[in-house]
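Asker: sequence unavailable; structure follows:
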């Protein structure tokens, strides 16, 4: 029998896991929050990014041989980290004085990690870890109810001994913590796939064949807020818009990529490409770059949004049927979305 | 050797809480000591022999003088037992508050102890019939009023075990400690000193908003809308301190407030009002939770403790003592020096590759020497290593992180061997169940912390005049000298 009291979290009162943030981390977080429309959400996204960076740093110094992958749920503003087959959701919090942690119910991951973000002090502190099965046990035992999509759980439910997260990784297995299969995750995969791999055949549009992901403009863009649309675009031809989720890292459907295609006299097809804000927004996020790329990836044209642009567009161009090109939308270094087209 | 985790309680372990008291102590590095109270020990053994079933209820009944046959000395001694008992939740509450504040705050829990852990563990005291006055007993059993009242006794005086809510004495002590007025005053003064006014406003959440007046809530919301937006939109440019809001920001806030029918005439007035809100925010009350300390358990219909509160832990590894102790001892000493070597090496490699700190990679070992051999503070070390600031020294040397990583590596290696041993015996498979890993890790951590790491962590936290004498510090020195 051991004579030591088992109070493993005692030492954690003395020895917390502090991670220092560097300038580029803040830049990264600022970049990320630019996509977000609502101001309240913007701050949270900013904190979430810092938390996620901190958590990633912590893991990568503790398990240096393993690559930690980042992923964001497109539909929610939730970051996931992948550690092997384990999924980890960092939860950003600015202070713990009220001792309550909100866990998004849509994030079914193996581990929730509470990350305190001390923004002004350039630190994040990893505060505790909770396994999915522990959360579920608690939910069942105390009839925990959902509030606005969140479980509010006491901080005390979290294991302050963060080493345990590492030990699960080393000595246990992901299958020992079964997760529900959620549709959100599968839709994430399919959306990414459609963004990455599909080539849109524009000539088919003239025959009235549209892929599901392309929609009529009215459903995406508030026509009243975008009077420019009706005046600037010729009414003839097929025009469709597609919601582009900038960066995929964030769940905000911020802009619409609008493609207008017309039959020209010389058996060529004419293409006009614009980017508009959606969701009632008047302006595009600044520094949004729209680039036309050749099949080989060479830049043919580009345009960048300024502070208060209602929309941006590429110069009208023509091409022969069968010709391929790509359009890239980018915001900062890290967020790029590419769409491939064939005339 | 059965490495089976069993649930059992050892009576004497539980009882020792009634005769071992946490007392404030200036001679101890940690600021308190845990010492036996002979009079309490004697008394508890008497009671235990008479009625082992419900010690606490008996003690409370003796202390309260409910039975007129009980003499005053017995009452006082029962009180002494209970005072010892509540000293633990008092200490834990202080540590907990310290931990919740986090960041580079200007106080430690040791500074909180003097407000609440003021019991000497000796003076025999009873509480007067009205339950309000503390009376000191002299050698002849005569009682007289005291001018100074121990906080532990105030806890006992206000505790009502028969109350319907049935809050345990542990939780009552915890709650009363967090609500101690002197302690709260201290926190109001020092708790948030390291935050600028604007950072403090920034981190207000819904829970805190609820405790502000309606007008103040509007002020904070408008402040958030403008200030947070600009903070994430401006390029960072190296300045992280939250600056005072600019005049355009203040003008915008005024406009927004006007839309909410709050008329403030000038930015000067707005500033005054915002600062007034900040003054409120500097009080701990606004931040602390009003969550109940015990949670309702639908299975039993009773209440269970929140897991962070002091409880008697009955989970221990049931093993033949000497064998496992020897085994763990061997493992620990084997792994510690190895872990130190590995982690220091890793850290230097990490610094070499780091974008910002590679120039300091060569300074890591000299830095550790100054820290662990000459007991210099990071502030004093910084210029000696050619660093520009304390901040830089903290980021590069980071003795806390090194300790934490060495602890992780040590525990991991011991856990690895123990798990293999358990697998050999057919007690678990590998990969193991997470709960099994957790329980076993907790045992090993408790052991390793007691033997090595707690002391090492405490000596890092001590500010001025520290000396690095822990086993860990010795091992580090062996490696770097």
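Answerer: Looks like it came in fine. Computed from a predicted structure; not experimentally measured. Numbers count the residues shown, from 1 in each chain, chains lettered A, B, ... in the order given.
Asker: so residue A:291: helix, strand or coil?
Answerer: Under DSSP: H, G, I helix; E, B strand; the rest coil, residue A:291 falls in the strand class.
Asker: right, and it touches residue A:297 too?
Answerer: No: if you go by C-beta atoms under 8 Å, residue A:291 and residue A:297 don't touch, sitting 10.3 Å apart. Just so you know, the C-beta spots here come from the backbone N, C-alpha and C atoms, and that holds for glycine as well.
Asker: who has more neighbours, the two?
Answerer: Neighbour comparison, residue A:291 and residue A:297: the larger count goes to residue A:291, with 18 against 9 (by other C-beta atoms under 10 Å in any protein chain shown).
Asker: so who does the more buried one touch?
Answerer: Contact analysis of residue A:291 by C-beta atoms under 8 Å, 6 or more residues apart in numbering or on different chains lists A:299, A:301, A:302, A:327, A:328, A:329, A:330.
Asker: for the third one, give the beta-bridge partners.
Answerer: Following DSSP bridges, residue A:302 is listed with bridge partners residue A:291.
Asker: which ones are touching it?
Answerer: A:289, A:290, A:291, A:292, A:314.
Asker: so how far is residue A:291 from it?
Answerer: As for residue A:302, its distance to residue A:291 is 4 Å (criterion: C-beta to C-beta, to the nearest Å).
Asker: so for stretch A:310-321, mean pLDDT?
Answerer: The pLDDT scores in stretch A:310-321 average 85.
Asker: check which residues of it are buried.
Answerer: A:310, A:311, A:312, A:313, A:314, A:319 (16 or more other C-beta atoms under 10 Å in any protein chain shown).
Asker: also near chain B: which of the residues you listed, exactly?
Answerer: Subset of the buried residues of stretch A:310-321 in contact with chain B: empty, counting by C-beta under 8 Å from any C-beta of the partner chain.
Asker: among those residues, name the ones in strands.
Answerer: Members of the buried residues of stretch A:310-321 lying in strands (criterion: DSSP state E): A:312, A:313, A:319.
Asker: can you tell me the closest non-neighbouring residue to whichever residue of the stretch 201-343 of chain A sits closest to chain B?
Answerer: As assessed by C-beta to the nearest C-beta, chain B sits closest to residue A:286 within the stretch 201-343 of chain A, at 9.2 Å. Sequence neighbours aside, residue A:307 is the residue nearest to residue A:286 in space, at 5.1 Å (criterion: C-beta to C-beta, 6 or more residues apart in numbering or on different chains).
Asker: and the one you found, how far from residue A:176?
Answerer: Computed as C-beta to C-beta, the residue A:307 to residue A:176 distance reads 52 Å.
Asker: pLDDT of stretch B:212-220, averaged?
Answerer: Mean predicted confidence for stretch B:212-220 is 93.
Asker: and residue B:147, how many neighbours does it have?
Answerer: The burial count for residue B:147: 6, using other C-beta under 10 Å.
Asker: show the pLDDT at it.
Answerer: Looking at residue B:147, its pLDDT is 79.
Asker: quick one: contacts of stretch B:90-107?
Answerer: Outside stretch B:90-107, the residues that touch it by C-beta under 8 Å, 6+ apart are A:10, A:12-13, A:16, A:95-97, A:99, A:116, A:118, A:121, A:123, A:125, B:22, B:32, B:108-109, B:112-113, B:116-117, B:151-152, B:155, B:173-174, B:177-178, B:183, B:186-187, B:190-195, B:308-310.
Asker: among those, which ones are buried?
Answerer: Among the contacts of stretch B:90-107, those scoring as buried are A:10, A:12-13, A:16, A:95-97, A:99, A:116, A:118, A:121, A:123, A:125, B:22, B:32, B:108-109, B:112-113, B:116-117, B:151-152, B:155, B:173-174, B:177-178, B:183, B:186-187, B:190-192, B:194-195, B:308-310 (criterion: 16+ other C-beta under 10 Å).
Asker: number of residues surrounding the residue nearest to residue B:67 when sequence neighbours are not counted?
Answerer: Nearest non-adjacent residue to residue B:67, counting by C-beta to C-beta, 6+ apart: residue B:61, 6.7 Å away. Neighbour count for residue B:61, taken as other C-beta under 10 Å: 16.
Asker: coming back round to it: just confirm the residue nearest to residue A:286 is within a strand.
Answerer: No: Residue A:307: not assigned to a strand; according to three-state DSSP it is coil.
Asker: isn't it up against residue A:284?
Answerer: No: contact status for residue A:307 versus residue A:284: not in contact, 9.7 Å apart, counting by C-beta under 8 Å.
Asker: of the contacts of stretch B:90-107, which belong to helices?
Answerer: Judged by DSSP state H, the contacts of stretch B:90-107 include A:10, A:12-13, B:109, B:112-113, B:116, B:151-152, B:155, B:173-174, B:177-178, B:183, B:186-187, B:190 as members of helices.
Asker: quick one on the thing from earlier: next one: the residue nearest to residue A:286 from residue A:282, what distance?
Answerer: 12 Å.
Asker: how about residue B:41?
Answerer: Distance of residue B:41 to residue A:282, given as C-beta to C-beta: 76 Å.
Asker: go on, residue A:156?
Answerer: From residue A:156 across to residue A:282, the span is 46 Å (C-beta to C-beta).
Asker: ok, the two, which is more surrounded?
Answerer: Comparing residue A:156 with residue A:282 by other C-beta under 10 Å, the one with more neighbours is residue A:156, at 20 against 11.
Asker: how much space separates the more buried one from chain B?
Answerer: Distance, residue A:156 to chain B, using C-beta to the nearest C-beta, to the nearest Å: 4 Å.
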